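1. Give me the fold of what follows.
(one chain, ligands or ions: 2)
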Amino acid sequence: MTNGETSTPELREEATRIAARLRRGGFEALFAGGCVRDRLLGIEPREYDIATSATPREVKSLFPRSIGVGEAFGVMLIRRGGATFEVATFRCDGTYLDGRHPTEVRFAGAAEDARRRDFTINGLFEHPESGEVIDFVGGRSDLEARILRAIGDPAARLAEDRLRALRAVRFAARFGLAVEPETEAAILALGGRLDGVSRERFGQELRRMFAVGDRVVAAKLLERWGLDRVLLGGHRVMGRHPRLAALPASEGPMTALAAWILDRDRGSDPLAVAAEVRDLLSLSNAEAEALRSAIELEGRLRSDWPNLATPPRRRLAMDPHFEAALAVLGGGEPVAAEEIRAWISQFGPDRNPERLVRGRDLLDLGVPAGPALGGALEAVYDAQLEGGIASREAGLEFAKRWLEARSREVRATSRVNPLDSPPGG
Ligand code: ATP
Ligand code: MG
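-> Ligands and ions are numbered 1, 2, ... in the order given. Got it, this is the predicted structure:
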């Protein structure tokens with residue numbers, strides 16, 4: 001476990017020092033799980049977990065400032081050089097009653113600790129100094145053959161902790177693994193039900209699936225295993241994923257989610273789906289807003305854009321979610337998206353041009369604060385966006401004329417119907 005402050009080679013050095021200290025204390029200490037898998041795949045691990053024969057109390061005596069997080073589960077955290085390392089006592093998990101959490105753990109040896117882990121590729125250990133891989137579960141050959149296989153009896157392992165089904169999707173899609181048939185059968189046997197897994201975890205897994213790896217593979221697996229209903233609500237849908245497939249990797253998870261929802265659209269209201277997904281995945285306000293905006297804006301680009309004048313088009317392009325929406329549109333209607341992109345590019349890289357005339361300028365001219373001033377500002381900005389005015393002076397001139405025209409109009413209306421709204425504005 002770690003954060004980004006420390007670079008990865010240093011991360012390994014720090015982790016090696018922690019393990020060496022444990023060994024000098026007379027305990028076994030090995031790198032475990034994801035970091036071993038990643039190194040074998042040639043990926044720099046972003047976190048190092050250490051598994052040890054030392055109990056939490058023994059870890060604490062060697063590292064007085066370590067913090068027990070799940071002390072009952074044998075997990076201690078050690079902070080070093082801006083990073084946090086998880087040091088966990090070898091253990092085997094007791095029975096699971098709720099489909100997610102073991103009711104007890106028992107401290108054990110390395111081999112048992114390997115067997116409580118989820119998939120063989122995640123069940124490897126590595127000797128920190130020699131780099132020797134210690135494999136009790138056949139993870140190395142599965143990794144070489146690119147197979148995702150549950151450790152032990154797949155049916156039992158998937159039933160005891162259903163989060164593993166989502167983890168299976170994530171690892172298969174991230175590393176391009178084939179799912180071993182019995183493991184897949186065990187996932188299918190869950191019947192698309194992930195009892196015991198919290199919505200926060202749904203959200204977390206989906207974010208990770210859509211952050212790195214092949215998103216289309218992830219979506220297809222979720223649909224094949226009937227897990228799409230858990231994440232997105234509604235019905236199981238199996239279809240093509242043109243928007244998700246075309247989405248640049250640089251777009252974030254919420255844009256990918258928008259693309260997936262639109263790919264699945266079978267006449268349902270995608271904005272209503274987005275609102276439901278917000279709760280199902282326990283999204284943050286910012287994420288929910290990104291998802292909603294991408295979907296809404298995509299719809300406007302698809303249907304309204306051709307009929308819009310220059311200023312409202314340029315205002316759409318200023319929306320912080322415009323790029324995301326355009327990227328999503330690109331998968332469904334590439335020609336339309338390309339036309340929009342080309343049209344916008346004629347205005348240069350600055351899509352958010354500074355206003356030539358600001359509220360302050362009009363107040364200085366003696367225009368009272370109020371709706372007329374606001375209207376004038378927007379009218380000047382529209383004219384600026386249209387290319388009609390290019391300097392502050394021209395903008396001020398435009399504003400004056402606009403305000404005059406408006407007051408004439410108001411006077412005219414009040415003559416026609418003197419009982420209507422009062423003159424001025
Ligand atoms: P990532 O690169 O996404 O961090 P990871 O394999 O390191 O992948 P973690 O969630 O950090 O995944 O967990 C670390 C290790 O703990 C895993 O490699 C696996 O051995 C074990 N593990 C994690 N979650 C489970 C689980 N739900 N069931 C069994 N073992 C698990
Ligand atoms: Mg990890």
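2. residues in contact with the residue in the chain positioned nearest to ligand 1?
-> Of all residues in the chain, Gly34 sits closest to ligand 1, with a separation of 2.1 Å (Cβ to the nearest ligand atom). The C-beta positions use only the backbone N, C-alpha and C, and glycine is treated the same way. Taking Cβ atoms under 8 Å, 6 or more residues apart in numbering as the criterion, Gly34 is in contact with 45, 47, 49, 122.
3. give me the number of residues near the last one?
-> In other words, Asn122. The tally of other residues near Asn122 (other Cβ atoms under 10 Å) stands at 20.
4. With adjacent residues omitted, what lies nearest to it?
-> Gly33 (5.2 Å; Cβ to Cβ, 6 or more residues apart in numbering).
5. The one you found and Ala88: what is the separation?
-> 9 Å (Cβ to Cβ, to the nearest Å).
6. what touches both of those two?
-> Common contacts of Gly33 and Ala88 (Cβ under 8 Å, 6+ apart): 49, 51.
7. Just want to know which of the two has more residues nearby.
-> The residue with more neighbours, out of Gly33 and Ala88, is Gly33; 28 against 22, by other Cβ under 10 Å.
8. so what's the more buried one up against?
-> Shown here is Gly33, whose contacts under the criterion Cβ under 8 Å, 6+ apart are 49, 51, 117, 122-124.
9. Quick check: which of those residues are also close to ligand 1?
-> Contacts with ligand 1 are made by 49, 117, 122-123 out of these, judged by Cβ under 6 Å from any ligand atom.
10. I'd like the contacts of Gly33 written out as CSV, with secondary structure added.
-> Listed next are these as CSV, based on DSSP: H, G, I helix; E, B strand; the rest coil:
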residue, secondary structure
Asp49, strand
Ala51, strand
Arg117, coil
Asn122, helix
Gly123, coil
Leu124, strand
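11. Mind putting these into TSV with pLDDT and distance to Ala259?
-> Written out in TSV, the entries for the contacts of Gly33 read as follows (pLDDT from 0 to 100; distance: Cβ to Cβ, whole Å):
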residue	pLDDT	distance to Ala259
Asp49	98	33
Ala51	98	39
Arg117	97	33
Asn122	98	29
Gly123	98	34
Leu124	98	34
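12. Kindly reformat those residues as CSV containing distance to Ala275.
-> Putting those into CSV (distance: Cβ to Cβ, whole Å) gives the following:
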residue, distance to Ala275
Asp49, 38
Ala51, 43
Arg117, 37
Asn122, 35
Gly123, 40
Leu124, 42
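13. Among the ones next to ligand 1 among the contacts of Gly33, which one is most surrounded by other residues?
-> Gly123 (26 neighbours).
14. wait, is Ile50 part of a helix?
-> No. Following the definition three-state DSSP, Ile50 is strand and is not counted among the residues of a helix.
15. Identify the nearest residue to it in space, disregarding sequence-adjacent positions?
-> Using Cβ to Cβ, 6+ apart, the nearest residue to Ile50 is Val87, at 4.7 Å.
16. What are the phi and psi values at the one you found?
-> When quoted as degrees, to the nearest 10, the phi and psi of Val87 stand at phi -110, psi 110.
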